[in-house]
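> need coordinates for the following:
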Amino acid sequence: EIHSEQYDIIPAEFRVIDNVRFTYVCSSNCGAKPITTPLPLQALPRHQVTASFLATIAVEKFEDAMPLDRQVKKYKERFGVEFTTTTFSSWMIKASELRLQPLIDRLSVIQMASGYIQADETTLQVLNEKNKKAKSKSYIWLKTSKDIHPIVLMNYSSNRNEKTAEFLFQGFTGYMQTDGYPGYNIVANREGVTQLGCWAHSRRRFADIIKSGASDVKSKALSKELIVMLAKLYKIEKDIKNDPPDKKKSIREKESALIIQDIQEWCESNFLQAHAIGGAIARAFTYLKNQLPKLSIYIEDGRLNIDNNIAENHVRPIAIGRKNWLFATSTKGATALCNWYSIIETAKANGLDAYAYLNYVLTQLPIYEAQGKDIEELLPWNVKL
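Numbers count the residues shown, from 1 in each chain. Purely as a prediction, here's the structure:
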C-alpha cells in the first residue's frame, strides 16, 4: 500500500448552546412548590459564555496577541455574531477574579516556599488609573521559579518602586535573582535573602558597544575581551545543563570560579582606562564592578542559574502582545491581564497546551467549588491532557 499525507485543518465552528430546563409541579394540587431542574454549573454564572469560549478569547489575546476589538470583528464577519469589546473585556476580568485567582493564590504559596525566584519587570500603559495620566507608565512585575515544577506569576503595579518589591517578596527567604535594578535592594537586605546577579545583563552592555557604530576602537576591543571570557562561562553552563545540581556545583567550583576570578582581575586592571574613555564603556565597567559580588553567587548552589533569562523569556510574550493591544483600560483589566498571562505561561512551562488547560480548569473549577474539593489537582503539573 502507498501512503500520501496531506495537511488539513477544520475551521472553527461557532455554536449557541440551548440549555433546556424543566419545571415540575404536583398534578394533584398537593400544595408543593414547583421544582425546576438546576442549570449546569457555569464557568461564569449569569453570563452567556462557556469555558471553551473564555479559553479561546484568552488564548487569542494573550498567546496570539490578537486584541479584543479584532476578535469582536472576526466573530461578526466570519460568523455573523455581534459582540462588543466591553463584553469580552468584562468576561476576561470576571473570569480572572472568580476562576483564576484561586489558582494564582495557590501557585503563589508554592512559589514563595521554593527558595529560589527570578524576578523582572516590564512596562504597561493603563488608561484609567487614579492620580495618573493616561500616558504614564505602570508595570508588570514577574516572578518565576522552577523548584520542582515551573511557576510563572505576574503582578500589576502602578509603580516600580521598592515598596512593590517588598510586598511581592513578603515572607520570602532564599535566593532572589534580578538584574541590577536597585528597587530590589529592600528585599535583598533582609535576613534570609541572598541576591544573585545576571551575567546576561552585564554582557549586554558590552555587546551593545560592539554593535554600536559610534563606539571607539578601544571600547570595542575591551568589550570583545569580556565577551570572550563570558563565552567560556556559558560554554560550561551548556555542557552541564542536564547534570544534577551537586555535579553542577562541583564543576562550577573547579572551572567557572577561575574564569570569574580572571574577569574580576581584568575589570580591576582596565577600570581606570575605561573611565578615562568615558561614555558607554565607563558605564559598562561600573555596572560590572558593582555587580561582581552578586554575579559570583550562582557557583555555590547547582540549582541556581548563571543569568535571569528564564524570567526574561516569560516577559517576551507581553512585549509582543503589547505591540498589538497597546494598553489596559483599567486597573482591574491590568490585574486580569496579569492573571491570564500567569496561568498561560505556567501551563506552557509545564508542557501543556494553553487552550486545552484553560478549557479544562474553567470547566472543572465550578465543580470543585460546588463540591468543596481541593484545587491542588487542577494545578498544571497534576493535569494530564
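
> could you use CA atoms for every contact and neighbour count after this?
Will do.

> how about the helices in the stretch 201-350 of the chain?
Per DSSP state H, counting those that start in this stretch, the stretch 201-350 of the chain carries helices over the ranges 217-239, 245-251, 257-277, 279-295, 309-325, 331-349.

> need the winner for burial among the ones you listed.
Among the helices of the stretch 201-350 of the chain, the stretch with the highest mean neighbour count (mean count of other CA atoms under 10 Å) is helix 331-349, at a mean of 23.

> could you give me the average pLDDT of that one?
Here the mean pLDDT over helix 331-349 is 96, rounded to a whole number.

> restricting to C-alpha, output the very next helix or strand once past that helix in CSV.
On the C-terminal side of helix 331-349, the closest following helix or strand by DSSP states H and E is helix 354-371. Taking Å, rounded to 0.1, in the frame of the first residue of the first chain, the C-alpha atoms of helix 354-371 are listed here in CSV:
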residue,chain,number,x,y,z
ALA,A,354,-2.7,26.8,26.8
TYR,A,355,-6.1,26.4,25.3
ALA,A,356,-6.6,22.8,26.5
TYR,A,357,-5.5,23.6,30.0
LEU,A,358,-7.7,26.7,30.3
ASN,A,359,-10.7,24.9,28.9
TYR,A,360,-10.2,22.1,31.4
VAL,A,361,-9.8,24.2,34.5
LEU,A,362,-12.5,26.7,33.6
THR,A,363,-14.8,23.7,33.3
GLN,A,364,-13.6,21.9,36.4
LEU,A,365,-13.3,24.9,38.8
PRO,A,366,-17.1,25.4,39.3
ILE,A,367,-17.4,21.7,40.1
TYR,A,368,-14.6,21.7,42.6
GLU,A,369,-16.0,24.9,44.2
ALA,A,370,-19.5,23.3,44.5
GLN,A,371,-18.2,20.1,46.0
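
> from the chain's centroid, how far away is helix 354-371?
21 Å (CA atoms, centre = their mean, to the nearest Å).

> looking at this protein, which strand is longest?
In the chain, with assignment by DSSP state E, the single longest strand is strand 116-128.

> before we move on, the earlier item: okay, the helices of the stretch 201-350 of the chain in JSON lines with distance to residue 39 next?
Supplementary listing: the helices of the stretch 201-350 of the chain in JSON lines, determined by distance: least, CA to CA, whole Å:
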{"stretch": "helix 217-239", "distance to residue 39": "55"}
{"stretch": "helix 245-251", "distance to residue 39": "52"}
{"stretch": "helix 257-277", "distance to residue 39": "64"}
{"stretch": "helix 279-295", "distance to residue 39": "57"}
{"stretch": "helix 309-325", "distance to residue 39": "35"}
{"stretch": "helix 331-349", "distance to residue 39": "27"}
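
> the longest strand of the chain pairs with which strands?
Strands flanking strand 116-128 in the sheet, each with its direction: strand 137-145 (antiparallel), strand 174-177 (parallel), strand 328-330 (parallel) (DSSP bridges).

> please consider this matter closed, and thank you.
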